[in-house]
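Asks: Take this sequence and fold it.
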Amino acid sequence: MGESRERINLGDLRRVTPVSRWFGFDRGRPVDRYYIERFLSAHAEDIRGRVLEFADDSYTREFGGDRVTRGDVIHPKEGNPRATIVADLCRAEQIPADTFDCIICTQTLMYIFEVAKAIRTLYRILKPSGVLLVTFPGISQLSREDMDEWGEHWRFTTLSAGRLFREVFPAANVETKAHGNVLAAISFLHGLVVEDLDEEELDYSDPDYEVLITVRAVKPGSISN
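Replies: Prediction:
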């Protein structure tokens, strides 16, 4: 006979469908946004000069402020009124090399199958000493809308992310970090939000539960005046 165990009371989470299927956007601030915005806030000084962001420029404006001299938005298809550049990141020869002081690439690379090509483009279009700030999910549901439109191809770990970026950037110029813990992971998968958790619960880091992965990569060289 096996040892009897007390049954865990899962309460409202004993269900086979999530509390929110929209990552919690319909309830408040999604858990992954807490980590994304904390990362960008910690590196706000990098967001300066000419900045490129994906889909819209909300983080450029929020975290760059008056350090930004020009903000550009890249989108892979025509039809986004915020886009100043329409390009496939894997085939973006029309974007000149050494153009951007900072690139903010949040929650994007998992939609690009040829991700290594995309990283090489990001490196090429950064100015010398330019900074790339990247986030992508580790533990996460799929975005069904994006899966149907672009394809959602990848989930990363700090190990795979570090290897991908160190194949392009000098190893010493790449910093990878994981954010999250088992409670944050369960909450995010269910669509619970930041407002449902305490700050200390969100800030606790367990390396075995990589909810969000961040990368800061710097292109070598010096910016000419």
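Asks: which residues in the protein form helices?
Replies: Under the criterion DSSP state H, helices of the chain are mapped to 31-42, 58-59, 115-125, 144-149, 158-166, 182-190, 199-203.
Asks: Make TSV out of these and add mean neighbour count.
Replies: Where C-beta positions appear, they are placed from N, C-alpha and C, glycine not excepted. Output for the helices of the chain, formatted as TSV (neighbours: other CB atoms under 10 Å):
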stretch	mean neighbour count
helix 31-42	20
helix 58-59	18
helix 115-125	19
helix 144-149	12
helix 158-166	18
helix 182-190	20
helix 199-203	13
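Asks: Output those as TSV; include the columns distance to T99 and mean pLDDT.
Replies: Shown next, in TSV, are the helices of the chain (distance: least, CB to CB, whole Å; pLDDT from 0 to 100):
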stretch	distance to T99	mean pLDDT
helix 31-42	21	98
helix 58-59	18	98
helix 115-125	5	98
helix 144-149	26	94
helix 158-166	19	98
helix 182-190	34	98
helix 199-203	36	98
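Asks: can you list the weak-confidence ranges in this structure?
Replies: Within the chain, the segments meeting pLDDT under 70 span 1-4, 222-225.
Asks: Quick one: the strands in it, in order.
Replies: Listed in chain order, the strands of the chain (DSSP state E) span residues 49-54, 68-75, 85-86, 100-106, 126-137, 174-179, 212-218.
Asks: CA atoms only for the first one - export them in CSV, please.
Replies: To tie it back to what came earlier, the one meant is strand 49-54. Taking Å, rounded to 0.1, in the frame of the first residue of the first chain, the C-alpha atoms of strand 49-54 are listed here in CSV:
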residue,chain,number,x,y,z
GLY,A,49,19.2,57.9,-30.1
ARG,A,50,17.5,56.2,-33.1
VAL,A,51,15.4,53.3,-31.8
LEU,A,52,13.6,50.5,-33.6
GLU,A,53,10.6,48.6,-32.1
PHE,A,54,8.3,46.0,-33.5
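Asks: elements contacting it?
Replies: With contacts defined as 3 or more CB pairs under 8 Å, 6 or more residues apart in numbering; DSSP states H and E, the packing partners of strand 49-54 are strand 68-75, strand 100-106.
Asks: want to try TSV for those, with mean neighbour count as columns?
Replies: Shown next, in TSV, are the helices and strands packed on strand 49-54 (neighbours: other CB under 10 Å):
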stretch	mean neighbour count
strand 68-75	18
strand 100-106	24
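Asks: Cool, thanks, signing off.
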